[in-house]
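1. sequence below, structure please.
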Amino acid sequence: MLIYDDLVSWYRLVDPPADHEEEAAGYREALDRAATPSAETFLELGAGAGNNAFFLKQRFRCTLTDISPQMQALSLELNRDCEHILGDMRTLRLERTFDAVMIHDAVMYMTTEDDLRAAITTAFVHTKPGGAALFAPDCVRETFRDRTTLMQADEGSRALRGVEWAWDPDPADETFSVEYALLLRDGDDMSSRHDRHVEGLFTRAAWIQILEDVGYAVEMVRRVDDGNVDEIFLCRRSL
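-> Residues are numbered from 1 along each chain as shown. So this is what the prediction gives:
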């Protein structure tokens, strides 16, 4: 996936931190409601460029993990006051627990139920008894719609124009595709790139079943982002 590798230097134009302020505020409110009042420590699995952590670190002491060294380097630029650890959310074991755990849209790269169960298990074993966990996929099977999003950003001599197109080649399976068509201008140099991401798509019932099987108590909570409203999974680990 080029956006997380060869094109990382363009990532802030694709996904600026400021776009996450409203969303992160909703996550903080949900975690504050589910976690103990004295909650301090926070683990994000698949934290990427650290955009949510930039706002959540005002409330929590954050540990941020990701599988991509390039994305962690971006996050470090933004969040030098946070702990960063490289690791795969399916297999990571830190041998400690946290008051709050979150997996944001990186969970979309779990393309089988086995992968999803592994990631949720990782979250569970790192959640303190009495702690909270939040899972915020972009969508579930019931809420998926083909969508097209235009992208436009400028930064000094660099500029980006692009299209993000999510579509489902086979509605009978558990994945869909997100296509990025990007025009990149750096000074007088213009180039174009196409990047395809294959992402997982599971029913709400499958999500809840796995979360409960692993050991969480599950509540659906409302999420508001750029005027769009959907639901995400707020979980508690019993004492």
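
2. bridging residues for E219?
-> E219 has these beta-bridge partners by DSSP bridges: L234.

3. do I have it right that it meets I232?
-> No - applying CB atoms under 8 Å as the test, E219 and I232 come out as separate, 9.8 Å apart. (C-beta placed from N, C-alpha, C; glycine too.)

4. between these two, which one's more packed in?
-> I232 (21 against 15; other CB atoms under 10 Å).

5. and the more buried one, helix, strand or coil?
-> Classification of I232 by DSSP: H, G, I helix; E, B strand; the rest coil places it in strand.

6. how about the nearest residue to it, chain neighbours excluded?
-> Residue nearest to I232 in three dimensions, not counting chain neighbours: A136, with 4.5 Å by CB to CB, 6 or more residues apart in numbering.

7. and that neighbour, how far is that from G187?
-> A136 is 37 Å from G187, where distance means CB to CB, to the nearest Å.

8. which one of the two is surrounded by more residues?
-> Shown here are A136 and G187; by other CB under 10 Å, A136 has more neighbours (24 against 9).

9. contact partners for the more buried one?
-> 27, 102-105, 107, 223, 232-233 (CB atoms under 8 Å, 6 or more residues apart in numbering).

10. what's the pLDDT at it?
-> As predicted, A136 sits at a pLDDT of 97.

11. and if you look at T36?
-> pLDDT, T36: 87.

12. so it is in contact with A100, correct?
-> No - under the criterion of CB under 8 Å, T36 makes no contact with A100, lying 9.4 Å away.

13. neighbour count winner among these two?
-> More neighbours surround A100 than the other of T36 and A100, with 28 against 14 (other CB under 10 Å).

14. what about the more buried one, helix or strand, and which?
-> strand 98-103 (DSSP states H and E).

15. do a quick rundown of the strands in this structure.
-> Secondary structure of the chain (DSSP state E): strands at 41-45, 61-66, 83-86, 98-103, 127-135, 147-155, 158-167, 175-186, 189-200, 216-225, 228-237.

16. next up, phi/psi of the residue of the chain positioned farthest from its centre, please.
-> Most distant residue from the mean C-alpha position of the chain: D188, 34.1 Å away (CA atoms, centre = their mean). As for D188, its main-chain torsions (degrees, to the nearest 10) stand at phi -90, psi 0.

17. for E40, same thing?
-> Torsion angles at E40 (phi, psi; degrees, to the nearest 10) stand at phi -130, psi -40.

18. how many other residues sit next to the residue nearest to S191 when sequence neighbours are not counted?
-> For S191, ignoring the flanking residues on the chain, the nearest one in space by CB to CB, 6+ apart is L184 at 5.1 Å. L184 has 18 neighbours, counted by other CB under 10 Å.
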